[in-house]
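Peer 1: test case, fold it:
(one chain, ligands or ions: 2)
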Amino acid sequence: MLKRAMFRCGQLSSRVFAVEFDARTQPLYFTLSSNPQELHHAHQQLFGDDGKLFSLHVHSDSRIEKAQTHAEIKHKLSVTLSRDCDVFEASSFIPDVKNSVVKGFFIRDKSTTTLSEDILKTLQQSKSVCVFSYKREGEYCWQELWSPVNQVQESVRQYIAPAAAAEHHPSTLNIRNSDVFYCIDEAYKVLQECTDIIPESKEVLKLVDEQLETSRGDGFPVIVIEGLDATGKTTLTEALQESLNATLLKSPPQCLAPFRQRFDSEPPLIRRAFYALGNYITAAHIGKESLRAPVIVDRYWHSTAAYAIATAVGGRVENLPKPDSELYQWPEDLLQPNLVLLLTVSPEERLRRLRDRGQDKTVEEAELEINQLFRLKVEEAYKRIQNPACIIVDASPSPQEVLQQVQHLIRNKCHL
Ligand SMILES: Nc1ncnc2c1ncn2[C@@H]1O[C@H](COP(=O)(O)OP(=O)(O)O)[C@@H](O)[C@H]1O
Ligand SMILES: Nc1ccn([C@H]2C[C@H](O)[C@@H](COP(=O)(O)OP(=O)(O)O)O2)c(=O)n1
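Peer 2: Residues are numbered from 1 along each chain as shown. Ligands and ions are numbered 1, 2, ... in the order given. So this is what the prediction gives:
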């Protein structure tokens, strides 16, 4: 039983563990060795402290189950653990090997209670959760499979040994087909896999099926307006609709509005597949409408990819996939617009606009406000997307001036 659990965790010796100790610094990397190794000074921060240390990792052959279990554990740990407990995002991975990441958490419990053990005991009953504990002895620290009743005779001590920082941040390794989708089939499959647990998936897939093949000849230009919330997309797209006599579309499309809240509460795999499919429905609408008039689109694939990448990647902007990464390439089967404009304003002006609007913000936007790092990553990811890349527009002047600036760009680039 224990051996099977170890096996589920993959070949531990070739794996590197990364703990997101502090969002502003690089993760703490370590690996495991069967020989005692003195604790590296950097690791003293985590392993040298008093208190109990645990890590837990989520495994399953079903990616839907894995995503949901991870999200449930995250929620449970955040609401039940005491103030004396720190929880860090952790992962284990094989350096630079795509899709090798196993996500989990690292728990440091300085309390005198057994609360964290009690919670881990419950979590461990799930066949997809694997818990390790860490023990110190002098200069050494080792990891072993944790068991609440202490019958881990078979478990081998694996000593903590320093590991080099990975060239590609581990959170970038699993992005393809988990956070960002590069063809309709991959996103479609995710929703097919969750029809049992999320009945709404069937309705979304039906709406996708109802869309005819997207084909677009030499129709009117298609112009996408992108940007963070409150950068002025609605104001500009409505003004453009009027001034160009254009059709205004959105992604996700109106027909998905009844399902959005449901999918927003799901883990990234399911949530991002939903938004990806929304782009294909919008593409079908663009295909039809652009035969009749110019089309303005409020958010499209740039938003889907930039938010997904920025959410998936922990810590600093430097952790994003490298600028030349294939992860920034537009999906080959998704209708391409003629022009993508990214509206940018300073963080202060954006906050002022958000406050003036006085609306409830989505959770993600509320996080943006407190999380400068996240906002920077979304903007940087927007700028790195290729084929087509976006043109940056300074949206801080008055609405009339922004409109004029954009009309000028459209005249030049699309000859409208
Ligand atoms: N160029 C601008 N200058 C000042 N305020 C603006 C400008 N464009 C939009 N706003 C205001 O900022 C707020 C957010 O604009 P909105 O168009 O709703 O942004 P988005 O659609 O990107 O969320 C609104 O209250 C809007 O009136
Ligand atoms: N085409 C799109 C549009 C939005 N999204 C996602 C990205 C973010 O998680 C949210 C942002 O939506 P938000 O509600 O803040 O946007 P609006 O205020 O409606 O412009 O939606 C997407 O993935 N793909």
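
Peer 1: where along the stretch 201-350 of the chain do the strands fall?
Peer 2: Remark: strands assigned in the stretch 201-350 of the chain by DSSP state E, counting those that start in this stretch are 222-226, 247-250, 295-298, 339-344.

Peer 1: of these, which is nearest ligand 2?
Peer 2: Taking C-beta to the nearest ligand atom as the criterion, ligand 2 comes closest to strand 295-298 out of the strands of the stretch 201-350 of the chain, the separation being 6.9 Å. C-beta: built from backbone N, CA, C; applies to glycine.

Peer 1: for that closest one, give the mean pLDDT please.
Peer 2: Across strand 295-298, pLDDT averages out at 98.

Peer 1: check stretch 180-187 too.
Peer 2: So the average pLDDT for stretch 180-187 ends up being 98.

Peer 1: which of the residues in that stretch are buried?
Peer 2: By 16 or more other C-beta atoms under 10 Å, the buried positions in stretch 180-187 come out as V180, F181, Y182, I184, E186, A187.

Peer 1: equivalent analysis for stretch 321-339, please.
Peer 2: Neighbour-count burial for stretch 321-339, with 16+ other C-beta under 10 Å as criterion, is recorded at P321, L327, Y328, W330, P331, L334, L335, Q336, P337, N338, L339.

Peer 1: got a list of what the closest residue to the fifth one other than its chain neighbours touches?
Peer 2: Which is P331. Closest residue to P331 apart from its sequence neighbours, by C-beta to C-beta, 6 or more residues apart in numbering: Y182 at 4.6 Å. With contact set as C-beta atoms under 8 Å, 6 or more residues apart in numbering, Y182 has these partners: R176, Q329, P331, E332.

Peer 1: could I get those as TSV with distance to V297 and pLDDT?
Peer 2: Listed next are these as TSV, based on distance: C-beta to C-beta, whole Å; pLDDT from 0 to 100:
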residue	distance to V297	pLDDT
R176	24	98
Q329	19	98
P331	15	98
E332	19	95
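
Peer 1: and of those residues, the nearest to ligand 2?
Peer 2: Within the contacts of Y182, the smallest distance to ligand 2 is 12.6 Å, found for P331 (C-beta to the nearest ligand atom).

Peer 1: confirm that S111 sits in a strand.
Peer 2: No: going by DSSP: H, G, I helix; E, B strand; the rest coil, the assignment for S111 is coil, not a strand.

Peer 1: wait, it touches D50, no?
Peer 2: No: proximity of S111 to D50 does not meet the contact threshold set by C-beta atoms under 8 Å, at 10.9 Å.

Peer 1: pick out whichever of these two has more residues nearby.
Peer 2: S111 (14 against 7; other C-beta atoms under 10 Å).

Peer 1: quick one: contacts for that one?
Peer 2: Applying C-beta under 8 Å, 6+ apart to S111 gives the contacts G51, S82, D84, C85.

Peer 1: okay, now the nearest residue to the last one once chain neighbours are set aside: neighbour count?
Peer 2: Once flanking residues are discounted, C85 sits nearest to D109: 4.7 Å by C-beta to C-beta, 6+ apart. A count of nearby residues for D109, using other C-beta under 10 Å, gives 22.

Peer 1: helices and strands around the helix or strand where E379 lies, which ones?
Peer 2: With secondary structure defined by DSSP states H and E, E379 is part of helix 372-384. The elements that helix 372-384 packs onto, with contact taken as 3 or more C-beta pairs under 8 Å, 6 or more residues apart in numbering; DSSP states H and E, are helix 301-312, strand 339-344, helix 363-370.

Peer 1: for it, which outside residues touch it?
Peer 2: Contacts of helix 372-384 from elsewhere in the structure, counted by C-beta under 8 Å, 6+ apart, are 23-24, 226-228, 302, 305-307, 309-311, 313, 315-317, 320-321, 323, 325, 328, 342, 344, 347, 367-368, 389-390, 392.

Peer 1: check stretch 261-271 too.
Peer 2: Counting by C-beta under 8 Å, 6+ apart, stretch 261-271 makes contact with 63-64, 67-68, 70-71, 178-179, 190-191, 194, 198, 200, 204, 274-275, 308, 311-312, 362-363, all of which sit outside it.
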